[in-house]
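Student: Compute the structure for the input listed below.
(2 chains)
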Amino acid sequence: QQPVQSPQAVILREGEDAVINCSSSKALYSVHWYRQKHGEAPVFLMILLKGGEQKGHEKISASFNEKKQQSSLYLTASQLSYSGTYFCGPLDQGAQKLVFGQGTRLTINP
Amino acid sequence: DTAVSQTPKYLVTQMGNDKSIKCEQNLGHDTMYWYKQDSKKFLKIMFSYNNKELIINETVPNRFSPKSPDKAHLNLHINSLELGDSAVYFCASSQGRPGILGGYTFGSGTRLTVV
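Tutor: The predicted structure is shown next:
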């Protein structure tokens, strides 16, 4: 079953912050996050493996709450280069595959 | 040196034709995938191979047939192409299944247009 991401789209000015949420109907083991720029392939950002784990990548960080079956991606002081579509890919314990959310389109304006 | 390379990058063909997309990875990963991305950006898994063994075969028309001659290559052959097959097809690889040891590395994609 496909995870649900929110919001579906967000428009920010450079320097503003954003939060993207990902919810699953299944008990989770880990969560992947990817960013895809227009016309390009998705690029791996990070994987969170433990409940409550937070990870950072430049000014992009994420949290994972396995009890709530959700993860959030935080973009701080956004830069123009952060524009793109963000996908989460939660994994349950016996999963053989990543099922991606529908994506959140992030637009950063100068 | 490209980590996951797909060919061709663009493919325009008529309905009813048969076409193939090739994928190669030089990362030493043991698992490879085919994903389809439609016009709404939805990324849907189609197939997965682990060390040449098919481990995921989603509900995909049997006109689509993957083949993995070795763990570095995964090809996709499509018979009797239909208009609805138009999409971007991404190949990806990971170490371990399903990428618990790390993320997926995607190829640059093949944009298939059926006319």
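Student: contacts and neighbour counts: CA atoms only from here.
Tutor: OK.
Student: Residues touching stretch A:77-90, excluding its own?
Tutor: For stretch A:77-90, the surrounding residues in contact (C-alpha atoms under 8 Å, 6 or more residues apart in numbering or on different chains) are A:3, A:5, A:12-18, A:22, A:24, A:28-38, A:59, A:98-110.
Student: what about burial for those residues, which qualify?
Tutor: For those, burial is judged from neighbour counts taken by 16 or more other C-alpha atoms under 10 Å in any protein chain shown, and it is met by A:3, A:5, A:12, A:14, A:18, A:22, A:24, A:28-37, A:98-108.
Student: Just the strands from chain B, written as ranges.
Tutor: Applying DSSP state E to chain B gives strands spanning B:4-7, B:10-13, B:19-25, B:31-37, B:43-50, B:53-57, B:64-70, B:73-78, B:87-94, B:105-106, B:110-114.
Student: could you check whether the first one is close to chain A?
Tutor: Right, strand B:4-7. No - contact between strand B:4-7 and chain A, assessed by C-alpha under 8 Å from any C-alpha of the partner chain, is absent, since the two come no nearer than 10.6 Å.
Student: What pairs with that strand, parallel or antiparallel?
Tutor: Sheet partners assigned to strand B:4-7 using DSSP bridges are listed as strand B:19-25 (antiparallel).
Student: Contact partners for the residue nearest to A:Lys59 when sequence neighbours are not counted?
Tutor: Counting by C-alpha to C-alpha, 6 or more residues apart in numbering or on different chains, A:Thr76 is the residue found nearest to A:Lys59 once chain neighbours are left out, at 5.4 Å. The contact partners of A:Thr76, taken as C-alpha under 8 Å, 6+ apart, are A:Gly15, A:Glu16, A:Asp17, A:Ala18, A:Lys59, A:Ile60.
Student: for chain B, where's the lowest mean pLDDT among helices and strands?
Tutor: Scoring the helices and strands of chain B by mean pLDDT, DSSP states H and E places strand B:53-57 at the bottom, with a mean of 87.
Student: and the angle for that one with strand B:31-37?
Tutor: Following axes from the mean of the first three to the mean of the last three C-alpha atoms, to 10 degrees, one obtains 30 degrees for the angle between strand B:53-57 and strand B:31-37.
Student: Tell me the helices and strands packed up against strand B:53-57.
Tutor: Counting contacts by 3 or more C-alpha pairs under 8 Å, 6 or more residues apart in numbering or on different chains; DSSP states H and E, strand B:53-57 packs against strand B:43-50.
Student: does B:Ser39 really touch B:Ala87, like I thought?
Tutor: Yes - with the criterion set as C-alpha atoms under 8 Å, B:Ser39 and B:Ala87 qualify as a contacting pair; they are 6.7 Å apart.
Student: Comparing those two, which shows the higher neighbour count?
Tutor: The neighbour count for B:Ser39 versus B:Ala87, taken as other C-alpha atoms under 10 Å in any protein chain shown, is higher for B:Ala87 (19 against 9).
Student: before we move on, the earlier item: and the least confident helix or strand of chain B, what's buried?
Tutor: Buried-residue list, strand B:53-57, by 16+ other C-alpha under 10 Å: B:Leu54, B:Ile55, B:Ile56.
Student: Return the residues in contact with A:Arg105.
Tutor: With contact taken as C-alpha under 8 Å, 6+ apart, A:Arg105 is in contact with A:Gln8, A:Ala9, A:Val10, A:Ser83, A:Gly84, A:Thr85, A:Tyr86.
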